[in-house]
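A.B. asks: show me how the following folds:
(one chain, ligands or ions: 1)
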Amino acid sequence: MSNFLRPRIAVVGSGPSGSILTALLADKGADVTLFNGGKRPEMIVGESGIPALVPVMRRLGIEEEVAAIAQHKPGATFAFGSESPIQLSFRSIEGILPAYSYNLPRPQFDQIIENRARRSKARWIEKEAGIILAQEGSGREVMFDDETLALVPEWEGRQPDLIVDATGRRRTVARLLKIPVKTGPRKDAAHFAHFTNWKHPGPPGQIVISRTVYGGWSWQIPLRDCMSVGVVVPGETLRAFGSTPEERLEAAIEKDPILSAAGADRQRISGVPIYSNYQLISDRSFGPGWAAVGDAFGFVDPMLSPGMWIALRSGECLADLINPDGPNDWDAMLRTYEDEMRHRLVSWQELIEKFYNGEMMAAYATGERFANSVFGPLFKVVNRHIDRHFASMCCGAYTEKPYSRKLLGFLCKNPRGFDPANYRIGA
Ligand SMILES: Cc1cc2nc3c(=O)[nH]c(=O)nc-3n(C[C@H](O)[C@H](O)[C@H](O)COP(=O)(O)OP(=O)(O)OC[C@H]3O[C@@H](n4cnc5c(N)ncnc54)[C@H](O)[C@@H]3O)c2cc1C
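C.D. replies: The predicted structure is shown next:
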């Protein structure tokens, strides 16, 4: 293959999605340049992983490094006030995915993936990239400004064949092109911090998701040396709790019986970062000369923790599709990428909606009650089947499977005595 067909790919952003894309493309021998936006904040939200992350870590060869800094995670507990907590163990997905995941201190985790990309043969530019609108008739929608172009002399003043927007929630290209978005119903604010002296009900590493009494939910994510505690609550509710993020988070903990009991002796050891929580998918993830990965394409919701995996999977998916030696039918290839990723985002959105409206947990509680009653061995087999599908959907293996989605839909419509309202989060 002649050299001029070799596509030049530029990745903008060294978060999880940009770093995995860069590493895998460089592994394939592609001509790839990464623009690194600079220093990471000391605290980054998104510390709970799902089991589907583990095969991605193994593919990158970083699981051992991650295991050394992360907290092993065996499952998740969901608490709904007066209802008994529901404990989900990853054991029920044995044979489908690794039956565990990790709780991850994000700056260190992101650094491990970034270092993996740095070890590959990518070109690394320690500068923010400037993306601007392209002139009409240029055959592309966006391009780099002259200053950015000059940072890569090997390009000889020419634009790369593909600019990948991995800038996370900045959504640089989508904003520039004013691409319409589909948004979900929730528009919350999230505050979180790290604490010591926090009581954890166990088992070790199990995350606890609980409904708060003021219309949102909270997370307790055990890290190796502290507990990450966050609340995801309508913005106006949180604003009424105080004038600073610290005051608001402390008040949110005090006002909620589950959090205030667990955190009675707490000591906060970090600042309180704040995030807006939205559910948003762009109508378009690519165009002539560009594509978007990770949050830059879509962000579903922190509930059930799929964000990082979706971001990593998007980088992985695009890397697998690009032919490093060219030629590439960009339009057809990027459409394949978008179809896969949109299907994934929409499937997660559907699952998360069933969680918020209480249907999923009501169906789960029904299954548990029947399993513990005297319905005989056949029912136990049926229940194990259902349990496996539920858990595999939450862990990222079956989230998109038509059969699992139908099964969940059917069970959600037939909760047999458990009222979804008892498990609903928010109004
Ligand atoms: C409240 C909340 C809770 C969450 N909890 C979880 C969770 O428990 N588990 C989970 O898996 N996910 C969670 N997430 C989601 C997760 O954090 C994100 O989905 C994930 O970080 C997305 O990765 P990314 O690579 O797309 O973007 P990012 O991690 O945002 O990376 C983007 C990078 O691009 C860089 N950049 C921006 N502009 C430029 C430029 N012009 N030039 C060069 N670089 C640039 C930035 O500096 C940054 O490093 C949560 C999110 C929120 C809001």
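A.B. asks: which SS state does residue 108 fall under?
C.D. replies: helix (DSSP: H, G, I helix; E, B strand; the rest coil).
A.B. asks: what's the neighbour count on the closest residue to it other than its chain neighbours?
C.D. replies: Distances taken as C-beta to C-beta, 6 or more residues apart in numbering put residue 69 closest to residue 108, at 4.8 Å, once the chain neighbours are dropped. C-beta coordinates here come from the backbone N, C-alpha and C atoms, glycine included. Residue 69 is flanked by 15 other residues according to other C-beta atoms under 10 Å.
A.B. asks: next one, pLDDT for residue 69 please.
C.D. replies: At residue 69, the pLDDT value in this model is 98.
A.B. asks: then residue 256?
C.D. replies: 97.
A.B. asks: do the same with the one 5 residues further on
C.D. replies: At residue 261 the predicted local confidence, pLDDT, stands at 96.
A.B. asks: quick one, strands of the stretch 201-350 of the chain?
C.D. replies: 207-211, 217-222, 227-234, 267-268, 274-282, 286-287, 290-292, 298-299 (DSSP state E, counting those that start in this stretch).
A.B. asks: the inter-axis angle of the helix-or-strand element of the chain with minimal mean pLDDT versus strand 207-211?
C.D. replies: None of the helices or strands of the chain scores lower by mean pLDDT, DSSP states H and E than helix 359-371, at a mean of 80. If you take axes from the mean of the first three to the mean of the last three C-alpha atoms, to 10 degrees, helix 359-371 sits at 110 degrees to strand 207-211.
A.B. asks: mind giving me the packing neighbours of helix 359-371?
C.D. replies: Judged by 3 or more C-beta pairs under 8 Å, 6 or more residues apart in numbering; DSSP states H and E, helix 359-371 is in contact with strand 83-89, helix 330-356, helix 376-395, helix 402-413.
A.B. asks: list the buried residues for that helix?
C.D. replies: By neighbour count on 16 or more other C-beta atoms under 10 Å, the buried set for helix 359-371 is 359-368, 370.
A.B. asks: what residues are up against the residue most central in space within the chain?
C.D. replies: Centroid-nearest residue in the chain, with C-alpha atoms, centre = their mean: residue 307, separated by 0.6 Å. Each residue near residue 307 by C-beta atoms under 8 Å, 6 or more residues apart in numbering is listed here: 46, 295, 299-300.
A.B. asks: nearest to residue 237, out of the helices and strands packed on helix 359-371?
C.D. replies: Residue 237 sits nearest to helix 330-356 of all the helices and strands packed on helix 359-371, at 15.9 Å, using C-beta to C-beta.
A.B. asks: helices or strands up against the closest one?
C.D. replies: Counting by 3+ C-beta pairs under 8 Å, 6+ apart, helix 330-356 packs on strand 181-196, strand 274-282, strand 286-287, strand 298-299, helix 307-321, helix 359-371, helix 402-413.
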